[in-house]
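Here's a sequence, model it:
(chains A and B)
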Amino acid sequence: EIVLTQSPTTMAASPGEKVTLTCRASSSVSYMHWYQQRSGASPKLWIYETSKLASGVPNRFSGSGSGTSYSLTINSMETEDAATYYCQQGSSYPWTFGGGTKLELK
Amino acid sequence: QVTLKESGPGILQPSQTLSLTCSFSGFSLSTYGMCVGWIRQSSGKGLEWLANIWWNDDKYYNPSLKNRLTISKDTSNNQAFLKITNMDTADTATYYCARGNWFAYWGQGTLVTVSS
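Residues are numbered from 1 along each chain as shown, chains lettered A, B, ... in the order given. Okay, the predicted model is just below:
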């Protein structure tokens, strides 16, 4: 099983600040997907195949990475970006999710 | 427009079998490359992938639940199903179904509580 480790677990960012969330895999994966989840809501696909933005996702978001190291970057933090973000690999079964990064507004 | 909606018993007792239904629209599970998966989330915790079923009836399960899981589909009625045997209080969670190679569409989730 490929274990995904997200860091940090929790962080706070000010409006306008650049934010980078990381996801490290215990073995190499071909790509990474990211989901945003707000409290009480279902997860939403945010970034797929490492760097492709899902429909409706603002272009201040970007994704990058390869092998065992992936990241989600917010160019300039906005209020609405406060949420929990999960990475997920679908390269090999069992599919796995990271533990999540809770991003708060400072 | 793609939609998915989970339904389940809400509450059940330890050792019982959980039966979940995912009713969807806007796509067909008989379409080449299509997939529906089940994911759960315990209160305040992260996401756990449970199982996938593909258009060709290939099935994949999370080995951490050993042999407790069975996934199936009814293509004619646009539904997918998940059964979990021998439920325990630790299985209390919100259960989601979602579509795709990457889970682009999610249902609203159904809360399942296991309690005696």
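
tell me the SS of B:Arg40?
strand (DSSP: H, G, I helix; E, B strand; the rest coil).

can you pull the contacts of the closest residue to A:Ala54 other than its chain neighbours?
Closest residue to A:Ala54 apart from its sequence neighbours, by CB to CB, 6 or more residues apart in numbering or on different chains: A:Leu45 at 4.4 Å. For glycine as for every other residue, the C-beta is placed from the backbone atoms N, C-alpha and C. Contacts for A:Leu45 were tallied using CB atoms under 8 Å, 6 or more residues apart in numbering or on different chains; they are A:33-35, A:54, B:102-105.

got a markdown table for the residues you listed, with pLDDT and secondary structure too?
Shown next, in a markdown table, are these (pLDDT from 0 to 100; DSSP: H, G, I helix; E, B strand; the rest coil):
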| residue | pLDDT | secondary structure |
| --- | --- | --- |
| A:His33 | 98 | strand |
| A:Trp34 | 98 | strand |
| A:Tyr35 | 98 | strand |
| A:Ala54 | 97 | coil |
| B:Trp102 | 93 | coil |
| B:Phe103 | 96 | coil |
| B:Ala104 | 97 | coil |
| B:Tyr105 | 97 | strand |
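
top of those by neighbour count?
A:Trp34 (30 neighbours; other CB atoms under 10 Å in any protein chain shown).

Output the longest strand belonging to chain A.
Criterion DSSP state E: the longest strand present in chain A is strand A:61-74.

If you count contacts, what does whichever helix or strand comes after it end up packed against?
Note on strand A:61-74: by DSSP states H and E, the next helix or strand toward the C-terminus is strand A:83-89. Secondary-structure packing of strand A:83-89 (3 or more CB pairs under 8 Å, 6 or more residues apart in numbering or on different chains; DSSP states H and E): strand A:4-7, strand A:19-29, strand A:33-37, strand A:61-74, strand A:96-97, strand A:101-105, strand B:47-54.
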